[in-house]
Each structure stands twice: as structure tokens, then as C-alpha cells.
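Student: got a predicted structure here, sequence first:
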Amino acid sequence: MNTKQASEVIQNGGIVAFPTETVYGLGADAWNPTAILKVFEAKGRPSDNPLIVHVNSENDIHDFAMDIPDKAHLLIEEFWPGPLTLVLKKRPEVLDAVTAGLETVALRMPDHKIARELIQLTGPLVAPSANHSGKPSPTRAEHVIEDFGDELLVIDGKATKIGLESTVVDLTDTVPSILRPGAVSRKQIEEVLGGF
Ligand code: AMP
Ligand code: MG
């Protein structure tokens, strides 16, 4: 399946697995609650575990987040596209299915040609790792197929470059905090923000 076909499936409310530079993601339209429900159901993911919205430009974040601090722009400048997720104050329109009802939203721009093409054609996507909850995150299309069978549509982009989840940084408090360690280290983040 190619990105154009995958984009049509997602625009029609479906879900498709696709490669990013971290791991394979299970993508759905970030503005379609029914499609997002399918992601939770397919993964067996608890509904209180929020999703990361994957965007294609820094500009896209304004559709999801507000009161964006300067620290966010500094980190974006340095690490996007790439494996750094920013948690920011959400706009009221952002779906509860995405944020698990929180007042914050997580955003990242992936550094992968296929992922970026898909987001460009479709719009922002939620994309948790394409595995059943509790299983290892997939770094190859074959892993996704082993886990879900061949009913799930997968774009094959060979092995992912990093194979490790994105680092999640919360910027909604005066002092940033790392909610999940990942491919970008605390030291790298501190270097950009001048410590925290
Ligand atoms: P993943 O399971 O790779 O899709 O990443 C989702 C993870 O990102 C969640 O389990 C949280 O750790 C984090 N996350 C996503 N959205 C938020 C949010 N609004 N606030 C805090 N952490 C979030
Ligand atoms: Mg995961």
C-alpha cells in the first residue's frame, strides 16, 4: 500500500500502520473521534492513555495548542523534525479521545519521508506504536503484521532508523519535565534550554 491509498483510508475514517523514524505508528485522523476509537480498540489501549498528535510543520501546532512558551519554539528549532514530543496547553477543540480528557496535548513532527508525506496528504494524525498494548513496539512492517495479522493495512518502509520511542517533555509548567525518556536525552534538552 502506498501513502496516497493510505491517506484515502484514513480520510474515510480508517486506520493504517506506517513507519516513522522511531517505531511504526498506528495512524488515524486526529480530528475523527470514531477513527481514534478504532486505534484504542485495535491496540487494546486503555482509554486514559493519551495519544501524540503527529504534525507536518511547526505552524500546525497552533491548531492544537495555545499559550505556547518560548521554550517550545527553542526545542522545535533544534529537534524537529525528530523524536521529541512536546506537551502543551490544548485548545478547547482538541478531542478528548486524543488527550484522554486532559487539559494538555502532546505534539511531534516525525523525521521520516513516508510519515511526512502521509501527514501532508491527510492532515495531523494520532499514531501510537502499532502493537497490541504491552507488546514490544514494532520497528519493521513484519512485526506489525505478526501482531495484527494481514487485516491491518501497513505501509512498508523497511526498518525504522531509531527503534526507540520519542522523548516526551511537558512544557505546561514553569519548569519543564521529562514525562517519558526516549531518543533525545535530558542533557540534549538542557543544552537548548540552558538547564531546568
Ligand atoms: P505512545 O504510547 O508512544 O503513543 O505515546 C503516548 C505517551 O505520550 C503517553 O503514554 C504519555 O506518556 C505521553 N502523552 C501523550 N499525551 C500526553 C498529554 N496530554 N500529557 C502528558 N503526556 C502525554
Ligand atoms: Mg507504545
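Tutor: Right, received. Where do you want to start? Ligands and ions are numbered 1, 2, ... in the order given.
Student: so where is this protein shaky, pLDDT-wise?
Tutor: Nowhere does the chain drop to pLDDT under 70.
Student: repeat that with 90
Tutor: 1, 150, 195-196 (pLDDT under 90).
Student: give me the nearest residue to residue 81, chain neighbours excluded.
Tutor: residue 111 (3.8 Å; Cβ to Cβ, 6 or more residues apart in numbering). Any C-beta I mention is one placed from the backbone N, CA and C, and that applies to glycine too.
Student: and for the one you found, the neighbour number?
Tutor: 17 (other Cβ atoms under 10 Å).
Student: and if you look at residue 134?
Tutor: 8.
Student: can you list phi and psi of it for me?
Tutor: With angles defined as degrees, to the nearest 10, residue 134 sits at phi 90, psi -20.
Student: residue numbers of this structure in contact with ligand 1?
Tutor: Selection of the chain residues close to ligand 1 by Cβ under 6 Å from any ligand atom yields 49-52, 87, 99, 102, 104-106, 128-129, 165, 168, 179-180.
Student: number of residues surrounding residue 49?
Tutor: 11.
Student: that one contacts residue 99, doesn't it?
Tutor: No. Between residue 49 and residue 99 there is no contact under Cβ atoms under 8 Å: 10.6 Å.
Student: circling back to that earlier point, let me know the distance separating the residue nearest to residue 81 from ligand 1.
Tutor: 15 Å (Cβ to the nearest ligand atom, to the nearest Å).
Student: for that residue, give me its contacts.
Tutor: Neighbour list for residue 111: 20-21, 80-83 [criterion: Cβ atoms under 8 Å, 6 or more residues apart in numbering].
Student: for the closest residue to residue 39 other than its chain neighbours, name its beta-bridge partners.
Tutor: Nearest residue to residue 39, sequence neighbours excluded (Cβ to Cβ, 6+ apart): residue 28, at 4.9 Å. Residue 28 has these beta-bridge partners by DSSP bridges: residue 126.
Student: report the contact partners of residue 28.
Tutor: 10, 14-15, 35-36, 38-39, 125-127.
Student: closest to ligand 1 out of those residues?
Tutor: The closest of the contacts of residue 28 to ligand 1 turns out to be residue 127 (Cβ to the nearest ligand atom; 7.0 Å).
Student: could you pull out the strands in this structure for me?
Tutor: 16-19, 24-29, 52-54, 84-89, 104-108, 125-126, 153-154, 167-170, 177-180 (DSSP state E).
Student: I appreciate the help and will end here.
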